[in-house]
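S.K.: A structural model of the following input is requested.
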Amino acid sequence: MFRVMLVEDDAKLAALVTEYLSGYEFSVEVVNRGDTALAHFRASLPDVVILDLMLPGLDGMVVCRQLREVSNVPILILTAREDAFDEVSGLEQGADDYVNKPVQPRVLLARLRALLRRTQEEGRVDTENLAYGAFQLSKGNRTVAWRGQPVALNSTEYKLLLVLAESAGQVLSRNDLLIQMRGIEFDGLDRSIDNSISRLRRKFDDANAEKIKTVWGEGYLFSPSAWD
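M.R.: Next up is the predicted model:
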């Protein structure tokens, strides 16, 4: 199941697209304003974005540029504009495809499938790097940057941060974390996870535990929308 973020202020069109795509391999989240799109993206981390250009709050071109600055997510622009200049501008801002309204749902479905297939084949969907706001982690060279500056982490801190970031938005128990990090189960006494979490919070200015949240009685959660 692919997750789609549809940024569209036309309620009827959004409902039509949502109903049609939901009948296939897509789940759809609708965002109806340009100025909230980036926050929604960071919170939901969709597999592909369908983006209108004429939006309240913030122009779609600006939204496209914002998304491209933080992610390599495939972006398909869907718009009523027919100016070739807009098409070129959209592609230059980082969009991957451009479809004019009105569009038949089956055509949109075919373009989405082709886009996802192409980006996966080209390696555009980046599995070696994670980025959330001002946070960046490179698995290839095991480096972490925060607000453009490298962050020094020991091996345990890096492994813990990687596990949390790869499961952004999900609560992971101490048992989950230890199994993924070391292959051992939590014995009820091991405080290494808690101590490492405390050190990570200090290194990322997270005194209020907003970036790495404590979910009492359950575990820890890496909040994808808190790393601005």
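S.K.: Let's test this: name the helix or strand in this protein with the lowest mean pLDDT.
M.R.: Within the chain, no helix or strand scores below helix 84-92, which has a mean of 59 by mean pLDDT, DSSP states H and E.
S.K.: Going along the chain, name the strands of this protein.
M.R.: Assigned by DSSP state E, the chain shows strands spanning 2-7, 26-31, 48-51, 75-79, 97-100, 129-132, 135-138, 143-146, 149-150, 171-172, 212-215, 219-222.
S.K.: Select from those the stretch with the lowest mean pLDDT.
M.R.: Ranked by mean pLDDT, these end with strand 97-100 at the bottom, a mean of 83.
S.K.: and that one, how far out from the chain's middle?
M.R.: On the basis of C-alpha atoms, centre = their mean, to the nearest Å, strand 97-100 sits 22 Å off its chain's mean C-alpha point.
S.K.: Sheet-wise, list the partners of that strand with their directions.
M.R.: strand 75-79 (parallel) (DSSP bridges).
S.K.: Specify the angle between the strand it pairs with and strand 2-7 in degrees.
M.R.: Relative orientation of strand 75-79 and strand 2-7, computed by axes from the mean of the first three to the mean of the last three C-alpha atoms, to 10 degrees: 40 degrees.
S.K.: List the contacts of strand 75-79.
M.R.: Residues external to strand 75-79 that are found in contact with it (C-beta atoms under 8 Å, 6 or more residues apart in numbering): 8, 48-54, 60, 64, 67-68, 86-87, 90, 94-101, 103, 108, 111-112, 115. Any C-beta I mention is one placed from the backbone N, CA and C, and that applies to glycine too.
S.K.: Could you do stretch 185-201 as well?
M.R.: Counting by C-beta under 8 Å, 6+ apart, 153, 156-157, 160-161, 173-175, 177-179, 206-207, 209, 211-212, 214, 220 sit against stretch 185-201.
S.K.: one more time with 7 Å, if that's ok
M.R.: Residues outside stretch 185-201 that contact it (C-beta atoms under 7 Å, 6 or more residues apart in numbering): 156-157, 160-161, 174-175, 177-179, 207, 209, 212, 220.
S.K.: so how far is W216 from Q170?
M.R.: Per C-beta to C-beta, to the nearest Å, Q170 is found 16 Å from W216.
S.K.: quick one, what contacts the residue nearest in space to the middle of the chain?
M.R.: The chain has L45 as the residue nearest its centroid, 2.6 Å off, counting by C-alpha atoms, centre = their mean. By C-beta under 7 Å, 6+ apart, the contact list for L45 reads 168, 224.
S.K.: Now for E8, how many residues are close by?
M.R.: Neighbours of E8 under the rule other C-beta atoms under 10 Å: 24.
S.K.: so it sits right up against L53, yeah?
M.R.: No: applying C-beta atoms under 7 Å, one finds E8 not in contact with L53, separated by 10.3 Å.
S.K.: Where does pLDDT dip in the chain?
M.R.: For the chain, applying pLDDT under 70 flags the ranges 81-93, 119-127.
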